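K.L.:
following is a predicted model, sequence given first.
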Amino acid sequence: MKRRILIWAGAALIVVVLITVWRPIELGFKPDIDAGSAVLLDMDSGDIWVNINGDVPMPPASVSKLMTEMIVLDHITSGTLRWEDRVPISAYASQMGGMSLSLKRGDFYTVRELFEGITIYSANDAAVALAEYMAGSEDSFVLMMNDRARSLGLSPNTVFTNASGLSSKDLGIIRQPTHIGGQTMMTARDTAKLAAALIHNHPDVLNISGRTQMQLKDKGLYVSNSNLMLPGMGGAYAYDGADGLKTGYDSQTGYCIAGSAQREGHRLIAVVMGAETYGSRFEGAAKLFDYGFFRGLHYGERVKHIIHALGIRS
């Protein structure tokens, strides 16, 4: 019995010394993420805790819809847009490929329905329809997106060219002429800052991004959330505390996610861009969250966490 106590006490002492002197970040606990870039942002302090190529611009695909969501919610808050407003679907919006709700030209849907389509299912046609309704054209909406990016202090490396995040290749011949040409590009750091600003300014967005399904009643259509980290989705990638925000895929970049998770009042933003496989973006975000929530523990809690993980019992 005494021997077990001595072993436990010795192990605990070693852990305390290591944590006190070197801290987890220097102990090699920082996660190795298999992706083009990755960032972990602590919302309590605003600090970046992990930065892997975080300032390198990359095509973000549907992750760029975070800015579309931001502008919609800005206008809802200011009263210039209402959830019940009925939005017409244009011919251009109805032609959007990729993730879509198969909206038809001439149909009408509420702002709420289309916003849920963007936030939960990442629908490209819903994003374009809302952009056209709010600004008169997607091109004018893109100017609003970039103005908002500058007001949030995002870097010049982040530039929006459409409301959906679709690449020029994916848009093909239906792409309309715009004031801002080229490809939408974002850095992982800017993506994390945008996600944090969206949650800070419009916390109710998490009530939508955390839902597992949405429906369009008039169409009898049910679609599932594209974020498999949500606990309600079940499966291998479900993560305790995850509640948002946006996934994306681009044939040039690969798989992306801007994820949000909260435990015991502590919220983290994890961004993974350019992952090679569908699941590796979720796995990478989970590693970032694990690291962040461990780092956020007080030293005494860290000791207990490590001792429990090592299977040491008193």
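P.N.:
Yes, it's here.
K.L.:
looks like Asp44 contacts His266 (just checking).
P.N.:
Yes - between Asp44 and His266 there is a contact under Cβ atoms under 8 Å: 6.4 Å. Any C-beta I mention is one placed from the backbone N, CA and C, and that applies to glycine too.
K.L.:
between those two, who's got more neighbours?
P.N.:
Between Asp44 and His266, His266 has the larger neighbour count (other Cβ atoms under 10 Å), namely 16 against 11.
K.L.:
could you find the closest non-adjacent residue to that one?
P.N.:
Using Cβ to Cβ, 6 or more residues apart in numbering and skipping residues adjacent in sequence, the residue nearest His266 is Gly296, 5.0 Å away.
K.L.:
phi, psi of that neighbour?
P.N.:
Dihedral pair for Gly296: phi -70, psi -10, per degrees, to the nearest 10.
K.L.:
so the spatially most central residue of the chain bridges to which residues?
P.N.:
Computing the C-alpha centroid of the chain and ranking residues by Cα atoms, centre = their mean puts Ala258 first, at 2.1 Å. Under DSSP bridges, the beta-bridge partners of Ala258 are Lys246, Val271.
K.L.:
and the one 4 residues further on, by the same measure?
P.N.:
Using DSSP bridges, the beta-bridge partners of Gln262 come out as Arg267.
K.L.:
wait, isn't it in contact with Gly244?
P.N.:
No - counting by Cβ under 8 Å, Gln262 stays clear of Gly244, with 9.8 Å between them.
K.L.:
which of these two has more residues huddled nearby?
P.N.:
Between Gln262 and Gly244, counting by other Cβ under 10 Å, Gly244 is the more crowded of the two (26 against 18).
K.L.:
for Leu268, see how far away the residue nearest to His266 is.
P.N.:
In this view, Gly296 and Leu268 are 8 Å apart by Cβ to Cβ, to the nearest Å.
K.L.:
what touches both of those two?
P.N.:
Jointly contacting Gly296 and Leu268 under the rule Cβ atoms under 8 Å, 6 or more residues apart in numbering are Asp42.
K.L.:
these two - which one has more neighbours?
P.N.:
Leu268 (27 against 18).
K.L.:
against Leu41, how distant is that one?
P.N.:
Distance of Leu268 to Leu41, given as Cβ to Cβ: 7 Å.
K.L.:
and what of Gly165?
P.N.:
From Gly165 across to Leu41, the span is 20 Å (Cβ to Cβ).
K.L.:
how about Lys65?
P.N.:
Distance, Lys65 to Leu41, using Cβ to Cβ: 19 Å.
K.L.:
ok, Gly117 touching Met96?
P.N.:
No - counting by Cβ under 8 Å, Gly117 does not reach Met96; the two are 11.3 Å apart.
K.L.:
find residues that contact each of those two.
P.N.:
Common contacts of Gly117 and Met96, defined by Cβ under 8 Å, 6+ apart, comprise Asp125.
K.L.:
got the contact list for the helix or strand containing Tyr92?
P.N.:
Assigned by DSSP states H and E, Tyr92 belongs to helix 91-94. Outside helix 91-94, the residues within contact range by Cβ under 8 Å, 6+ apart are 103-105, 125, 128-129, 132, 138, 174, 176.
K.L.:
need the helices for this structure, in chain order.
P.N.:
Applying DSSP state H to the chain gives helices spanning 2-21, 23-26, 65-78, 91-94, 111-121, 124-135, 138-151, 168-171, 188-201, 205-209, 280-295, 299-310.
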